[in-house]
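Trainee: Turn this into a model:
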Amino acid sequence: MEIAMVRRDLNHILTELQRAINNHAVAKAADLYALAWQQAAQAPPSETREQRARLTSYKEVLGSRRWRDEERRQAAQPSPGTAPRSEQRAVPRPRPHTAPAPVRPAVGWSSEPGPKSSTLAPPARRSGVQNQPTTAEPRSRRSSRTAEPALLETGQLWEIATELRPLLEQTARSGATTSWPAIRKRLPGLPRLHRDDESVILWLVDEDRHEGEPLLSALVTVGDRQMHPRFPSIAEQLGLCTGRAASQQRTAWSYEVLKVHQYWRHRR
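Mentor: Now for the predicted structure:
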C-alpha cells in the first residue's frame, strides 16, 4: 500500500476516533484506537509522527479515570437486547476492506553481524527447558513462571515504542542509562514482554530517529550498566557496524552511549 494511502486512511480513522471520544462511544473508541495503531505500523515512522503523537494524546483520554468510569457505566447499562461488551477493549473486530497487517518487524539476534535489512522474519523460538527443578512441582505452576509472553502485534509494538522514545530521550538528557526493569517502573501500563519484542521495540525507537541521531537503544543496559547482549544485532540492522569481536562491540557501544549523551544534553 502506498504511503499516501496509509496516511489518508489513518487520518480518517483518527477523525472517527475523535468523534467517538466526543460522543463517549467507549467500545467504538477502543476499536478505532487499536485499528489506528495497526494502520500506523504500515508506514515508515517518519511519515506518521504527527498521527502517532495524536494517538498518544488519545491514550491519555482513554486511560483517564473519567473515561474508565464511563466505560463501567456503559457496561452496567447495555442497550436493550445487547449483551455487555467487556472484551471490546482488548481486540478490535476485523473490518472489511482493511489491508492486512505487514510482516512483523524484527532483527536477527545472532551476535554475528548479518545482512542489513529493515524487515526480517521473526527469530525462531528456541526449544528445550533449562534449569529444571529437581523437586516435584505442579506443572501449571512451573509453566506460569517460565512461559514467555505471547508476541505482540505490530501495532502494539509501535504503540509501546512511541511511548518509550520520550523516556529514553529524557534518560539521555540526564546523562544516564536504564534497563527494562527500570523502564517498567516508569511505564506502569507496560505489559510483560517477550524478550524478542523488547528488542524489536528498541529497534523501532531508533527507526524513528532523525538523520544523524545516535542510537537511543544503546541506553538500555543489563546488570551493572553493561551493554545489552542484543545491542550489536540491533545496531547492525540500523546501519551501525559494531564489529565481530566482543571487545569491538563493547567499544562501539560505549562510544554510542557517549554520543547519545552529548547529542541530547542541550536538546528539549
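Trainee: Look up the closest residue to residue 164, ignoring the ones flanking it.
Mentor: Spatial nearest neighbour of residue 164, excluding adjacent residues (C-beta to C-beta, 6 or more residues apart in numbering): residue 205 at 5.8 Å. Quick note: C-beta positions are derived from backbone N, CA and C, even for glycine.
Trainee: If you could redo that for residue 257, that was the one I meant.
Mentor: In space, residue 257 is closest to residue 218, 4.9 Å off (C-beta to C-beta, 6+ apart).
Trainee: With residue 230 instead?
Mentor: Here the residue nearest residue 230, using C-beta to C-beta, 6+ apart, is residue 199, at 4.8 Å.
Trainee: Give me the neighbour count for that neighbour.
Mentor: Number of residues near residue 199 (other C-beta atoms under 10 Å) recorded here: 24.
Trainee: Confirm the residue nearest to residue 257 sits in a strand?
Mentor: No. With DSSP: H, G, I helix; E, B strand; the rest coil as the criterion, residue 218 is assigned helix and is not in a strand.
Trainee: all numbers from here: first residue = 57
Mentor: Right, with 57 as the first residue, what we last looked at is residue 274.
Trainee: That one reaches residue 312, doesn't it?
Mentor: Yes. Counting by C-beta atoms under 8 Å, residue 274 touches residue 312, with 4.2 Å between them.
Trainee: Tell me which of those two has more neighbours.
Mentor: Neighbours per residue (other C-beta under 10 Å) separate residue 274 from residue 312, with residue 274 holding more: 28 against 21.
Trainee: show me the residues around that one that make contact.
Mentor: 287, 291, 309, 312, 313, 316 (C-beta atoms under 8 Å, 6 or more residues apart in numbering).
Trainee: for the one helix or strand the third one maps to, packing partners?
Mentor: It refers to residue 309. Using DSSP states H and E, residue 309 sits in helix 302-320. With contacts taken as 3 or more C-beta pairs under 8 Å, 6 or more residues apart in numbering; DSSP states H and E, helix 302-320 sits against helix 210-229, strand 282-283, helix 287-293.
Trainee: Run the angle between that helix and helix 210-229 for me.
Mentor: Relative orientation of helix 302-320 versus helix 210-229 (axes from the mean of the first three to the mean of the last three C-alpha atoms, to 10 degrees): 80 degrees.
Trainee: contacts for helix 302-320?
Mentor: So helix 302-320 is contacted by 167, 225, 228-229, 231, 233, 269-272, 274-275, 283, 287-288, 291, 296-299 (C-beta under 8 Å, 6+ apart).
Trainee: can you rerun that using 6 Å?
Mentor: Applying C-beta atoms under 6 Å, 6 or more residues apart in numbering, the contact partners of helix 302-320 are 225, 228, 229, 231, 270, 271, 274, 283, 287, 288, 298, 299.
Trainee: now stretch 236-254
Mentor: Against stretch 236-254 from outside (C-beta under 6 Å, 6+ apart): 179, 204, 205, 207, 208, 223.
Trainee: Apply 10 Å and report the result again.
Mentor: 115, 119, 160, 162-163, 165, 178-179, 181, 204-208, 212-213, 216, 219-220, 223-224, 226-227, 232, 234-235, 255-258, 276-278, 284, 286 (C-beta atoms under 10 Å, 6 or more residues apart in numbering).
Trainee: buried stuff in the host helix or strand of residue 254?
Mentor: Following DSSP H and E, the helix or strand that holds residue 254 is helix 251-263. Judged by neighbour count using 16 or more other C-beta atoms under 10 Å, the buried positions of helix 251-263 are 252, 253, 254, 255, 256, 257, 258, 259, 260, 261, 262, 263.
Trainee: swap in stretch 222-233?
Mentor: Those would be 223, 224, 225, 227, 228, 229, 233, for stretch 222-233 by 16+ other C-beta under 10 Å.
Trainee: CSV please, covering the buried residues of helix 251-263 and showing pLDDT.
Mentor: Converted to CSV, these look like this (pLDDT from 0 to 100):
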residue, pLDDT
252, 92
253, 94
254, 93
255, 92
256, 93
257, 95
258, 95
259, 94
260, 93
261, 95
262, 95
263, 90
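Trainee: out of the residues you listed, which one sits closest to residue 61?
Mentor: residue 263 (20.8 Å; C-beta to C-beta).
Trainee: nearest residue to the closest one other than its sequence neighbours?
Mentor: Nearest to residue 263 is residue 101, by C-beta to C-beta, 6+ apart, at 5.4 Å.
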